[in-house]
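>>> Any chance you can model this:
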Amino acid sequence: MTEKNNPDLFRPIDVPENLKPYVRRALVADCRENVDMVIDVRATGYHYLGWTWRGGWQGHVNGDTLFDSAIDGPLHMTGQIAKADVAVKIQHDVGQVFLEFTALGHFQLLGITGVQLLMQARAPHVLNPALGPYFDTLLDADATSTKDRITLLFNVLTQLPKHTIPAGIVSAVDRIEAADGAIKISDLLMELGLAERQFRSDFKSLTGLTPKAFCKTLQINQALNQLLKNKGGDLAGIAAQAGFADQAHFTRAFGDFLGGTPGNYLADIEITFVRFVGQSRQL
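Residues are numbered from 1 along each chain as shown. Sure, this is the predicted structure:
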């Protein structure tokens, strides 16, 4: 990990029922003490909308700063992560909320595709200028409480016109998530009667990941969640439960994804990382 012993800033908050088809989770940080923390970032399979109204947030890829809230503004969308050194820096007294979208929710709500967000951190109204009039309400929200800001954010999202998704993609994502990624795409296509080339193109465009990469991401995060829950435990059993052929395949995939063996990784893990990745697959 980049920096150890980061404070446990984030807490889950309830998502309104009308937004649950689009937003999986919401996390808020409301800290009045100065912090200076760097968090290694890994893929969860899902995209995020962040609103930083107090403090600073920066996104870095391979040492380059892609987004700085002090320069680029308080709103940012973050996308899928390929193999790169990605880190987030949070500073000062932090007021911040993160929404974790469903696999297709970022497009359904905001009209922003996964490909637009791949390895990117950008303001949503920059990616889709039609969002400007809606998000201006948030940008003009001065001197309100954290609770009021969260309510305002949910109200703005509720008012947005929704974007439709091909039914086959929706069904495919539902099946993949139900299996926690342990599913053969060829079997899925046959079961749903989908044309392979069109499906793969639509899936990659909307989610930012190939179907195979999305499946692997869900498998690894599910396994990581099991490891955290059981504080290690039976690696062979966890590998089998996550759909890997054997423990060796699981260990290799875990290392490719998270950069270390399961045992070494758990010994070095930090709470903020757990909030976003370990708890992304809900048991």
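
>>> contacts and neighbour counts: CA atoms only from here.
Fine.

>>> CA atoms only: put the helix ranked longest in the chain into PDB for me.
The residue-count maximum for a helix in the chain (DSSP state H) belongs to helix 211-230. Coordinates of each C-alpha in helix 211-230 appear next as PDB, following Å, rounded to 0.1, in the frame of the first residue of the first chain:
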ATOM      1  CA  PRO A 211     -17.300  -9.000 -20.200                       C
ATOM      2  CA  LYS A 212     -14.400 -11.200 -19.200                       C
ATOM      3  CA  ALA A 213     -12.700  -8.400 -17.300                       C
ATOM      4  CA  PHE A 214     -15.900  -7.500 -15.500                       C
ATOM      5  CA  CYS A 215     -16.400 -11.100 -14.500                       C
ATOM      6  CA  LYS A 216     -12.800 -11.400 -13.200                       C
ATOM      7  CA  THR A 217     -13.100  -8.100 -11.300                       C
ATOM      8  CA  LEU A 218     -16.300  -9.400  -9.500                       C
ATOM      9  CA  GLN A 219     -14.600 -12.700  -8.700                       C
ATOM     10  CA  ILE A 220     -11.600 -11.100  -7.200                       C
ATOM     11  CA  ASN A 221     -13.600  -8.600  -5.100                       C
ATOM     12  CA  GLN A 222     -15.900 -11.300  -3.900                       C
ATOM     13  CA  ALA A 223     -12.900 -13.400  -2.900                       C
ATOM     14  CA  LEU A 224     -11.300 -10.400  -1.200                       C
ATOM     15  CA  ASN A 225     -14.500  -9.800   0.700                       C
ATOM     16  CA  GLN A 226     -14.500 -13.400   1.900                       C
ATOM     17  CA  LEU A 227     -10.800 -13.100   2.900                       C
ATOM     18  CA  LEU A 228     -11.600 -10.000   4.900                       C
ATOM     19  CA  LYS A 229     -14.600 -11.500   6.500                       C
ATOM     20  CA  ASN A 230     -12.800 -14.700   7.500                       C
END
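
>>> Check which element follows it along the chain.
Using DSSP states H and E, the helix or strand that follows helix 211-230 in sequence is helix 235-241.

>>> CA-only coordinates of that next one, as PDB, when you get a sec.
Provided in PDB are the C-alpha atoms of helix 235-241 (Å, rounded to 0.1, in the frame of the first residue of the first chain):
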ATOM      1  CA  LEU A 235      -7.800 -20.200   0.500                       C
ATOM      2  CA  ALA A 236      -8.700 -23.300  -1.500                       C
ATOM      3  CA  GLY A 237     -12.300 -23.000  -0.300                       C
ATOM      4  CA  ILE A 238     -12.500 -19.300  -1.000                       C
ATOM      5  CA  ALA A 239     -11.000 -19.900  -4.500                       C
ATOM      6  CA  ALA A 240     -13.600 -22.600  -5.200                       C
ATOM      7  CA  GLN A 241     -16.400 -20.400  -3.900                       C
END
